[in-house]
Structure formats: structure tokens, C-alpha cells
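Visitor: give me a 3D structure for the following:
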Amino acid sequence: MAQKKNASQKSESTVTRIKASDTKPAAINDAPKESIAKAPESTTQKQKKIKKPSAKGIARPFVATGRYFAGAWYELKQVRWPTRRATWGLTAAVLLFTAFFIVVVILLDIGFKYLFDLMLGK
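Guide: Numbers count the residues shown, from 1 in each chain. This next block holds a predicted model:
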């Protein structure tokens, strides 16, 4: 326990809790207002900023389609896929709920049919 206190006293970092009612995060409000002087850009750096040529004419739809599939592939790589065990568990849950509601609908159908037959005198 004493080691934890000494370790926490050695570090000078503070934890700031942010509430939902805060308009700006406290870390931004408490940040020191230091100005950082930027080095002026040299002429060689200005010349290196070249725009990428955009696709024109007939190639434009193909380029857009390629970018779409590249973005879709990037998003698919970020997906956290469930494990086999989780997949089977969720599949079983869907099947159980489906069976439950099938039984409920069948019972309601039988009940309403009985009531209508009773009211019509059959």
C-alpha cells in the first residue's frame, strides 16, 4: 500500500473529469496559453505542395468506383467479428425468440377464431 502511495506521489499527472454539461473539456480550459512560433516556409517547401491530378472524362466513374471499393475494404478490415461461440449463441437466441412468437401468434389466432365462432353462433 505504501508503495502505491509513493508511486502516485512521484507522478505529477492529474486526472480531469469532464462532465456532459461542460461546454469545453477541462483539459482545454486549463491548458497553458503558450504561443509556438512557426518557422517560415522556405520556397522549396512551397513548391513541393502539388495537387494530385483528378480523374477527368471517361475515367472518372471508374476511379470513383475503385475508391468506393477501397474504402469498403478498409472498413471491413476494421470490423471486430464475433467468435464462433458467440455466433452460435446469438443464432440460438434468434431461433428461440422466433419459436416463442410463432407459438404466441398461433395461440392468438386460435383464440380469436374461437371467439368469432362463438359470436357468430357456429
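
Visitor: which residues touch Leu90?
Guide: With contacts defined as CB atoms under 8 Å, 6 or more residues apart in numbering, the neighbours of Leu90 are Pro82. (Glycine included, C-beta is placed from N, CA and C.)

Visitor: gap between it and Val79?
Guide: Summarising the geometry, the distance separating Leu90 from Val79, computed by CB to CB, to the nearest Å, is 16 Å.

Visitor: what sits against Gly66?
Guide: By CB under 8 Å, 6+ apart, the contact list for Gly66 is empty.

Visitor: quick one: mean pLDDT over the helix or strand it falls within.
Guide: Secondary structure assigned from DSSP states H and E places Gly66 in helix 60-78. Within the predicted structure, the mean pLDDT of helix 60-78 is 93.

Visitor: just stretch 17-24 next, same as before
Guide: The predicted model assigns stretch 17-24 a mean pLDDT of 66.

Visitor: repeat that for stretch 85-101.
Guide: In this model, stretch 85-101 carries a mean pLDDT of 97.

Visitor: and Gly71, how many neighbours?
Guide: 10 (other CB atoms under 10 Å).

Visitor: cool, the one 4 residues further on as well?
Guide: Burial of Glu75 is recorded as 9 neighbouring residues (other CB under 10 Å).

Visitor: let me see the backbone angles for Val15.
Guide: Note on Val15: its backbone torsions stand at phi -100, psi 130 [degrees, to the nearest 10].

Visitor: which SS state does Trp81 fall under?
Guide: Three-state assignment for Trp81 (DSSP: H, G, I helix; E, B strand; the rest coil): coil.

Visitor: for it, give its distance to Thr87.
Guide: Shown here: Trp81 relative to Thr87, a distance of 9 Å by CB to CB.

Visitor: swap in Ser13?
Guide: Distance from Ser13 to Thr87, counting by CB to CB: 42 Å.

Visitor: the two - which one has more neighbours?
Guide: When neighbours are counted by other CB under 10 Å, Thr87 comes out ahead of the other of Ser13 and Thr87, with 11 against 5.
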